[in-house]
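let me see the structure of the following:
(2 chains)
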Amino acid sequence: GCGSSPPSSPPCPAGSGWTCRAVLGDGHQRTVRRVAWSPCGSYLASASFDGTTCIWKRQEDGFECVATLEGHENEVKSVAWAPSGTLLATCSRDKSVWVWEVDEEEEYECVSVLNAHTQDVKHVVWHPSQELLASASYDDTVRLYREEEDDWVCCATLEGHESTVWAVAFEKGGERLASVSDDRTLRVWRRFEPGNQEGVACSGTDPTWKCVCTLSGYHSRTIYDVSWCHLTGAVATACGDDAIRVFEESVGAGWAFPRRNFHNIPSNLSNLTLHCSASVLRTSVEAEPSLRKRPRVSFSRHMSLMALAVFPVSFLE
Amino acid sequence: MAAPFSGALRLAGLEDFIGPAQECVKPVQVEKKAGKAAAKIRIEADGSYFQINQDGEAQKLEKAQITLDDCLACSGCITSAESVLISQQSHQELCKVLALNKAAAPSEQKLVVVSVSPQSRASLAAKCKLEVVEAAKRLSTFLKGVHYVFDTTFSRNFSLLESQREFVKRFRRRAQDSQALPMLASACPGWICYAEKTHGSFIIPHISTTKSPQQVMGSLVKGYFAEQQHCPPEHIYHVTVMPCYDKKLEASRPDFFNQQHQSRDVDCVITTGEVLKLLEQEGVSLADVDPTPLDAMLSSAAAEELSTHPGGGSGGYLEHIYRHAAKELFGIQVDTIEYKPLKNKDFQEVTLQRDGAVLLHFALAYGFRNIQNLVQKLKRGKCPYHYVEVMACPSGCLNGGGQIKLESKDQLQQVERLYESPKVEIPEENQAVAELYQHWLGGRDSEKALGVLHTEYHPVERANTGFNIKW
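Predicted coordinates for the structure are as follows:
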């Protein structure tokens, strides 16, 4: 398989800075769009515009490409590991979402090809504790999938956004989901089980997801990413207007329909780093010192050219 | 609304099979203003059109909107693969042809032949709550204006026999030919089109060259039957009734177009669902129609009874090849075949063992995810099978995209029961088939047999014309 080129600088102790340990330059023939560590930390998945997803295994002296997941018709936009570590999901401009399974012999097989979306699928994300998958698409919807007998099915379609949904994030407990869109809104959706006390109708045994909060007017451009902190419950967004926004919940009075108000926290409160790996005030780690003035979390040259926005955003667990 | 082509075909995309032609005769829209002299048109280096009026002023011309009718009338261009396929081959098209035929002069009339697949018949029988023979006989009556109604179970005998022999040949040369095995089934056009487009020259050598029952029937109707009827092939309008839309694409393959007679082996494919639409259009319930005796292609064959081939609703290729190979290669007579389900119910394997050694290892792989896994294993050299019956639709042809929609799983079981209800036929024992091999084809291994019963595949290059780029 493909290997990594050995780094030239010596390792340094934790806390004293960052070193580039490996460059995996031969795995893909086009833009690498997303990377994801497996729950166990031994594997790294990379999704590429070349249509493949590579699985890299951590070795003593670097990384080895142990599998190449082929099958998508065109650019793969996202890859995500399920919490169990034996399932992976990928999604593509070919409008499909694929679920893959890995066995004890590190063999990857396609378990399901899901054609629920009608357009390019931008992002896939797993529920934090259940084998429930969410996908976000250019078709303005978020869809949820679960296993049924020996196949996977789309069990919910979240409609409401008026344009491309770029990303989704689950709350720690998995009862709520946040989605962000080209329509400049952040929406929060909540799961209602059949027989719920709020009286929300469900069809069959599947829960219904309803939009319980729409945050509009905060973002002046497309919102590309969202991250829901599993420690504090804060929600951060990455926006095309060059800003990161952090939202916190305040409990409102009374619900006919569960509704929570999220409010915008002004950026001059500097103690709001909230375990962020990058904040508005400090620069992120990046390769080009000349650009240090502009906070930018770039992971590939292509994406940093795409928008001067902060893209993506993640919380340190 | 997009027609429900199989998952494999939807993902592969139709555009590369039926590409729009560059010779569109209506590329620009010219504004006709009264009083103007004839406009001059200048084409820039980048291909854009400018109208130059008398003052020398240049005005860029916009591309015209073209209706499908414009295109079909022109025949120099195709707007969209799907919509063309659907309009050229549909139940409306069939009605049009039948109506034209009725009004035409005797010398201009076409001989209309309909070949019905057993899967379609089972689906219709289930819907109309009839047994298959009754459904078949009443369908014959309903299709007035149609001269003959045949059953593709007959042509499937040839597909099965040829597949059996082909497998044995491949098995015997596996040491010299690394591409001989595994042999992959060829009856499913969804699978074939996907394979040609996505895996091309790697996978093509593994695909059986045997034609599908639909196309064997096409060759028989436009060949043998045409001769018997003293009717030139181009004067026969051959319709097939199939359980899926992918079969429409199969019928339009250039390999199945007879250059000499300028005639397609199958002129029109309609789905089971479209036949139901025809029935509903006429307000007819199949159960109320009087039965007509069934037709047989050869006068010698008695066609009062229907027959079936065991081995599932997709034709039974695995079972027939397995039994034949076991006998031919190892002298073993197989009675019951035991399937072992693997990851999911659409992926099953069958093993022939003797004294602990594996002699034959076959599999069924239905549905796109299983096709994916199979092809990936093949690419990595890890495919353990000698033969795989590959079908694009989960649960096989009885659950094809063109079948009558089912409300529950029980209904699919009912369709299966009806499909399996006729008496079992053994292809080797069919007299009409034997006669055709001997007298019309000139023997099992003749040049003619090869030409009539086998076909070729072609890797499809991705078309890079402007029409295909999805901006």
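
mind checking pLDDT for the closest residue to chain B within the stretch 151-300 of chain A?
At 6.7 Å from chain B, A:Asp151 is the closest residue in the stretch 151-300 of chain A, using CB to the nearest CB. Using the backbone N, CA and C atoms, a C-beta is placed for each residue, glycine as well. pLDDT for A:Asp151: 93.

ok, now how distant is it from B:Phe347?
As judged by CB to CB, to the nearest Å, A:Asp151 and B:Phe347 stand 12 Å apart.

the residue of the stretch 151-300 of chain A closest to chain B contacts A:Ser112, correct?
Yes: using CB atoms under 8 Å, A:Asp151 is in contact with A:Ser112, at 5.6 Å.

can you list the domain ranges for chain A.
Annotated domains of chain A cover A:25-159, A:164-249 [the TED database].

and the end-to-end length of the longest one?
One end of domain A:25-159 to the other measures 39 Å (CA to CA, to the nearest Å).

same question, stretch B:140-159
Stretch B:140-159 end-to-end distance (CA to CA) = 25 Å.

buried residues, stretch A:124-132. List them.
A:124-127, A:131-132 (16 or more other CB atoms under 10 Å in any protein chain shown).

count of residues packed around B:Asn234?
No, residue B:234 isn't Asn; it's Glu. B:Glu234: 16 surrounding residues under other CB atoms under 10 Å in any protein chain shown.

against chain A, how distant is the closest residue to it other than its chain neighbours?
Closest residue to B:Glu234 apart from its sequence neighbours, by CB to CB, 6 or more residues apart in numbering or on different chains: B:Ser263 at 4.2 Å. Going from B:Ser263 to chain A by CB to the nearest CB, to the nearest Å gives 35 Å.

identify the bridge partners of B:Ser263.
B:Asn258 (DSSP bridges).

and A:Tyr108, backbone torsions?
phi -100, psi 130 (degrees, to the nearest 10).

ok, now B:Asp410?
phi -60, psi -30.

stretch B:207-227: how far from the chain's middle?
Taking the mean of its C-alpha atoms, stretch B:207-227 sits 11 Å from the chain's own mean (CA atoms, centre = their mean, to the nearest Å).

restricted to helices, list the buried residues of stretch A:124-132.
Counting by DSSP state H, no part of those is found in helices.

follow-up on the earlier one: and A:Asp151 and A:Ser112? which has more neighbours close in?
A:Ser112 (23 against 17).

please report how far that one lies from B:Asn344.
Taken as CB to CB, the span from A:Ser112 to B:Asn344 is 9 Å.

over to the closest residue to chain A within chain B. Which of the three states is it?
Proximity of chain B to chain A (CB to the nearest CB) peaks at B:Asn344, 3.7 Å away. Classification of B:Asn344 using DSSP: H, G, I helix; E, B strand; the rest coil returns coil.

name the SS class of B:Gly47, please.
Applying three-state DSSP: B:Gly47 is coil.

count of neighbours near it?
Going by other CB under 10 Å, the residues that sit close to B:Gly47 add up to 8.

picking up where we left off before, thought the residue nearest to B:Glu234 was touching B:Phe256?
No: using CB under 8 Å, B:Ser263 is not in contact with B:Phe256, being 10.1 Å away.

where does the chain dip in pLDDT?
All of this is about chain A. A:1-14, A:251-317 (pLDDT under 70).

hmm, I had chain B in mind actually
B:1-5, B:7-39, B:63-88, B:299-304, B:461-471.

longest helix in it, please.
Max-length helix for chain B by DSSP H is helix B:152-172.

on contacts alone, who are the packing partners of the helix or strand following that one?
Per DSSP states H and E, helix B:152-172 leads on to strand B:183-184 as the next helix or strand towards the C-terminus. Judged by 3 or more CB pairs under 8 Å, 6 or more residues apart in numbering or on different chains; DSSP states H and E, strand B:183-184 is in contact with helix B:152-172, strand B:387-391.

how does it look with 10 Å?
The contact analysis (3 or more CB pairs under 10 Å, 6 or more residues apart in numbering or on different chains; DSSP states H and E) places strand B:183-184 against helix B:152-172, helix B:368-379, strand B:387-391.

how close does the residue in the stretch 51-200 of chain A that chain B sits nearest to sit to B:Leu378?
Among all residues of the stretch 51-200 of chain A, A:Asp150 sits closest to chain B, at 3.7 Å; criterion: CB to the nearest CB. A:Asp150 is 22 Å from B:Leu378, where distance means CB to CB.

ditto for B:Val266
30 Å.

same drill for those two, tell me which one is more crowded.
In this view B:Val266 and B:Leu378 are compared by other CB under 10 Å, and B:Val266 has more residues nearby, 26 against 18.

next, that one: phi, psi?
According to degrees, to the nearest 10, B:Val266 has phi -130, psi 120.

what residues does the stretch 201-317 of chain A put near chain B?
Near chain B, no residue belonging to the stretch 201-317 of chain A is found when assessed by CB under 10 Å from any CB of the partner chain.

ok, and B:Phe362, which helix or strand is that part of?
Assigned by DSSP H and E, B:Phe362 falls in strand B:357-366.

what pairs with that strand, parallel or antiparallel?
Strand B:357-366 is paired, per DSSP bridges, with strand B:347-354 (antiparallel), strand B:387-391 (parallel).

check which residues of the longest one are buried.
Applying a neighbour-count criterion of 16+ other CB under 10 Å, one finds B:347-350, B:352 buried in strand B:347-354.

what are the contacting residues of it?
A:109, A:150, B:312, B:318-319, B:322-323, B:325-326, B:329-330, B:332, B:334, B:337-342, B:358-367, B:369-371, B:373-374, B:384-389 (CB atoms under 10 Å, 6 or more residues apart in numbering or on different chains).

pull out the buried positions in stretch B:364-375.
Buried residues in stretch B:364-375 (16+ other CB under 10 Å): B:364-375.

no wait, stretch B:261-271
B:263-271.

any chance of TSV for those residues, columns distance to B:Asp177?
Putting these into TSV (distance: CB to CB, whole Å) gives the following:
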residue	distance to B:Asp177
B:Ser263	35
B:Arg264	33
B:Asp265	30
B:Val266	32
B:Asp267	37
B:Cys268	39
B:Val269	34
B:Ile270	40
B:Thr271	38
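
widest-spaced pair of those?
B:Ser263 and B:Thr271 (22.6 Å; CB to CB).

one step back: what touches both of A:Asp151 and A:Ser112?
Joint contacts of A:Asp151 and A:Ser112 (CB under 10 Å, 6+ apart) are A:99, B:344, B:367, B:369.
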